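S.K.: whatever this is, show me its structure:
(chains A and B)
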Amino acid sequence: MSSQEEQVQQRAANLDAIIRHGVAPYPSRFERQHTVSELVATHQEKSHDALESEQPRTVTGGRILAIRSFGKANFLVLSDGRSKLQVYVRQDALPPLDFQIFELLDFGDWVGVEGRLFRTRTNELTIWAGRLHFLAKCLLPLPEKWHGLTDVETRYRQRYLDLAVNPEARRVFEVRSRVVSAIRELMTARGFLEVETPMMQPIAGGALARPFRTHHNALDMDLYLRVAPELYLKRLVVGGMERVFEINRNFRNEGISTQHNPEFTMMEFYQAYADYRDLMTMTEELLPAVAHRAIGTDQITFGDHQLSLAAPYARLSLRQAASAAASDRLNQAITEADLRDRDRAAAVAGRLGIDVRPGHGAGKIATGIFEALCEDGLRQPTFVYDFPTEVSPLSKQKADDPDTVERFELYIGGFEVANAFSELNDPLEQRRRFEAQLDDRASGDLEAHEMDEDYIRALEYGLPPTAGEGVGIDRLVMLLTNCPSIRDVILFPLLRKRD
RNA sequence: GACCUGGUAGCUCAGUGGUAGAGCAUCUGACUUUUAAUCAGAGGGUCGCGGGUUCGAUCCCCGCCCGGGUCACCA
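M.R.: From the prediction side, this is the model:
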């Protein structure tokens, strides 16, 4: 018999013995007076003498994370998932049945405890147990108490084990929860209405990305999982909802990396009467406020870098940044004008070893140069603005420069955290942009945007001047929790099926 | 998709072309304020899967499966 089988059998035998004592193996409910975390918070600062005079009593419960046995005196470590508290179990303080049940407990079991709080000789806050209540069995051996669970594959596949034994895992997801609620509160306070738009869409629009496909049987209709909520949210602005936001999942059928999970969470919002400059200001206000609420500061450590999320953020024009970086790299003056000329831009890219495809215009090439040369270096928050029109089919052109749109992306820690622009609201121009995308699609670009006639019709009814932005929640949480991989901030990241 | 790297006991990890190791966990015994409790003893392995080389493979070679990283693509 393997060690695993032996331990499972032993635990099952203990459960049988508990049942033979007439104790319900899986009771329905247990009423706690306090959680372990509440007890720790309330009594952590109290001295031995203070506890002795106060004699605080409690009923609490949790999972047993350690058992230290001395025969007739024993210590349990009880966890409610956030905090740990020691329980002192001595034979002469418990009813005989409770002590018999205690002797059948295993590391990982769930128990309820009644007793009074005191401090041991080693000054540890402890519950002196007067009653023990069996709540649920742990039939499988848990990972070790000292090293915890470090195998990343097991941590992702069996997140419950990670959460049960690694306090740091719990902390990450608490920060994540606070980030989402902070954004809800801050957006709502600014007059934004939270809405939900379709995640199953007949046309996967709003971003340049490859979608997942699915099928509705009763309607016999092919559908896509959305790559972005953008086009639906702007339809709402057409309908007069001047400030809307949505926090939800997007799905993109593309590669997986430390910064990409096939499903990821975006907060996307639209504000009528605003342009992209207004959104830079708003972003500079929003992110530090979220950081303060989630982790108590806007100064963060990310890998080897100390980053400040406090305003103001650096601002960098995309073509200026790309031409400056190319000049540096090639040791020759490359101008912004060079990057606006298709042939000259292609020559520069070629010398930099950057892939240029036949369908790529000057705008795509300039963006490619920027991404290859500049992105990684943008550690402190930086707005990269004025994107080529060619790569921005839903953004409004600058009044004096039709090759450039009013758009920015916010980079922090070397990756993109937000993307925003003044929305293109001219239906004729939007139709031309879609048609250009169709040309790209015809020449093999699977990420090019499809024509969306209903969206154009909505614009024909009139979209007021509007700016919109998407903020990557997973990436923001990575920054705030110093996690190098997006999988560390997603409870159940997508992994291959395991036989 | 390409390249690099890993998979050994429930967990964390050593290790070797010749019967597979440690700590924790488990089991037995001692112990009524310990805390990685301690002490004495015991059990526990298809060394990811499948081929090949070899007298003999966990180790060398090939293929596959599942992770991690870098790149490509993207947010």
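S.K.: CA only for contacts and neighbour counts going forward, please
M.R.: Noted.
S.K.: quick check: closest non-adjacent residue to the residue in the stretch 101-250 of chain A that RNA strand B sits nearest to.
M.R.: RNA strand B sits closest to A:T120 of the stretch 101-250 of chain A, with a gap of 2.7 Å, by C-alpha to the nearest atom of the strand. Distances taken as C-alpha to C-alpha, 6 or more residues apart in numbering put A:T126 closest to A:T120, at 6.9 Å, once the chain neighbours are dropped.
S.K.: need the residues that contact the strand or helix carrying the one you found.
M.R.: Mapping A:T126 onto the secondary structure by DSSP states H and E places it in strand A:125-136. Identification of contacts with strand A:125-136 by C-alpha atoms under 8 Å, 6 or more residues apart in numbering yields A:23-27, A:30, A:40, A:43-44, A:85-90, A:93-95, A:98-99, A:101-102, A:109-120.
S.K.: mind listing which of these are in strands?
M.R.: Taking DSSP state E as the definition of strands, these contribute A:85-90, A:110-119.
S.K.: farthest pair in these?
M.R.: Across those, no pair lies farther apart than A:W110 and A:R119, at 23.2 Å, counting by C-alpha to C-alpha.
S.K.: looking at the two, which one has more neighbours?
M.R.: Using other C-alpha atoms under 10 Å as the criterion, A:W110 and A:R119 rank with A:W110 on top: 22 against 19.
S.K.: which non-adjacent residue is nearest A:Q306?
M.R.: Going by C-alpha to C-alpha, 6+ apart, A:Q306 has A:I300 as its nearest residue, at 5.8 Å.
S.K.: residues near A:F251, how many?
M.R.: 21.
S.K.: what distance do you get for it to A:R342?
M.R.: Distance, A:F251 to A:R342, using C-alpha to C-alpha, to the nearest Å: 33 Å.
S.K.: next one: A:L373
M.R.: A:L373 is 19 Å from A:R342, by C-alpha to C-alpha.
S.K.: A:L163 should be in a helix, yeah?
M.R.: Yes: judged by DSSP: H, G, I helix; E, B strand; the rest coil, A:L163 forms part of a helix.
S.K.: touching, it and A:A169? I think so.
M.R.: Yes: between A:L163 and A:A169 there is a contact at 5.7 Å, judged by C-alpha atoms under 8 Å.
S.K.: which neighbours do those two share?
M.R.: When C-alpha under 8 Å, 6+ apart defines a contact, no residue borders A:L163 and A:A169 alike.
S.K.: please, a ChimeraX command that selects the buried ones among the contacts of strand A:125-136?
M.R.: Of the contacts of strand A:125-136, the buried ones go into a single ChimeraX selection, burial set by 16 or more other C-alpha atoms under 10 Å:
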select /A:23,25,40,43,85,86,87,88,89,90,93,94,98,99,101,102,109,110,111,112,113,114,115,116,117,118,119
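S.K.: can you name the residues of the stretch 301-450 of chain A that neighbour RNA strand B?
M.R.: Contact residues, the stretch 301-450 of chain A versus RNA strand B (C-alpha under 7 Å from any atom of the strand): A:D355, A:A372, A:F415, A:E416, A:V417, A:A418, A:N419.
S.K.: closest one to RNA strand B out of those, please.
M.R.: A:E416 (4.1 Å).
S.K.: is it true that that closest one lies in a strand?
M.R.: Yes: counting by three-state DSSP, A:E416 falls inside a strand.
S.K.: what number of residues lie near it?
M.R.: Residues contacting A:E416 under the criterion other C-alpha under 10 Å number 22.
S.K.: what distance do you get for it to A:L446?
M.R.: Look at A:E416 and A:L446: by C-alpha to C-alpha, they are 22 Å apart.
S.K.: with A:A310 instead?
M.R.: Distance, A:A310 to A:L446, using C-alpha to C-alpha: 39 Å.
S.K.: more crowded one of the two?
M.R.: For the pair A:A310 and A:L446, the greater number of neighbours falls to A:A310 (17 against 14), based on other C-alpha under 10 Å.
S.K.: do a quick rundown of the strands in the stretch 251-400 of chain A.
M.R.: With strands called from DSSP state E, counting those that start in this stretch, the stretch 251-400 of chain A shows them at A:263-272, A:299-302, A:305-308, A:314-317, A:382-388, A:397-398.
S.K.: how about residues contacting the shortest one?
M.R.: Identification of contacts with strand A:397-398 by C-alpha under 8 Å, 6+ apart yields A:T389, A:D403, A:T404, A:V405, A:E406, A:L424.
S.K.: surely the third one is within a strand?
M.R.: Yes: membership of A:T404 in a strand is supported by three-state DSSP.
S.K.: got a list of what it touches?
M.R.: If you count contacts by C-alpha under 8 Å, 6+ apart, A:T404 has them with A:D386, A:F387, A:P388, A:T389, A:Q397, A:K398.
S.K.: wait, which of those is closest to RNA strand B?
M.R.: A:F387 (12.2 Å).
S.K.: tell me, how many residues neighbour the closest one?
M.R.: By other C-alpha under 10 Å, 25 other residues sit near A:F387.
S.K.: same question for A:A337.
M.R.: The number of residues packed around A:A337, counting by other C-alpha under 10 Å, is 12.
S.K.: show me the contacts for it.
M.R.: By C-alpha under 8 Å, 6+ apart, A:A337 has no neighbours at all.
S.K.: mind running it again at 10 Å?
M.R.: Residues counted as contacts of A:A337 (C-alpha atoms under 10 Å, 6 or more residues apart in numbering) are A:R319, A:Q320, A:S323, A:R344, A:A345.
S.K.: I figured the third one was touching A:D338, is that so?
M.R.: Yes: contact between A:S323 and A:D338 holds when scored by C-alpha atoms under 10 Å: they sit 8.1 Å apart.
S.K.: who touches both of the two?
M.R.: Residues within reach of A:S323 and of A:D338 at once, by C-alpha under 10 Å, 6+ apart, are A:A345, A:V348, A:A366.
S.K.: how many degrees apart are the longest helix seen in chain A and strand A:84-90 in direction?
M.R.: If you go by DSSP state H, chain A has its longest helix at helix A:167-189. Counting by axes from the mean of the first three to the mean of the last three C-alpha atoms, to 10 degrees, helix A:167-189 lies at 130 degrees to strand A:84-90.
S.K.: return the distance of A:S422 relative to RNA strand B.
M.R.: When distance is defined by C-alpha to the nearest atom of the strand, to the nearest Å, A:S422 is 16 Å away from RNA strand B.
S.K.: ok, now A:A347?
M.R.: Applying C-alpha to the nearest atom of the strand, the value for A:A347 to RNA strand B is 16 Å.
S.K.: list the contacts for that residue?
M.R.: Residues near A:A347 by C-alpha under 10 Å, 6+ apart: A:D338, A:L339, A:D341, A:G353, A:I354, A:V356, A:I365.
S.K.: how much space between it and A:N331?
M.R.: Computed as C-alpha to C-alpha, the A:A347 to A:N331 distance reads 15 Å.
S.K.: any regions of chain A where pLDDT drops low?
M.R.: Across chain A, the ranges flagged by pLDDT under 70 are A:499.
S.K.: if you set the cut-off to 80 instead, what comes out?
M.R.: Within chain A, the stretches with pLDDT under 80 are A:1, A:498-499.
S.K.: how is it carved up into domains?
M.R.: Chain A breaks down by automatic domain parsing into domains covering A:3-142, A:167-313+A:380-489.
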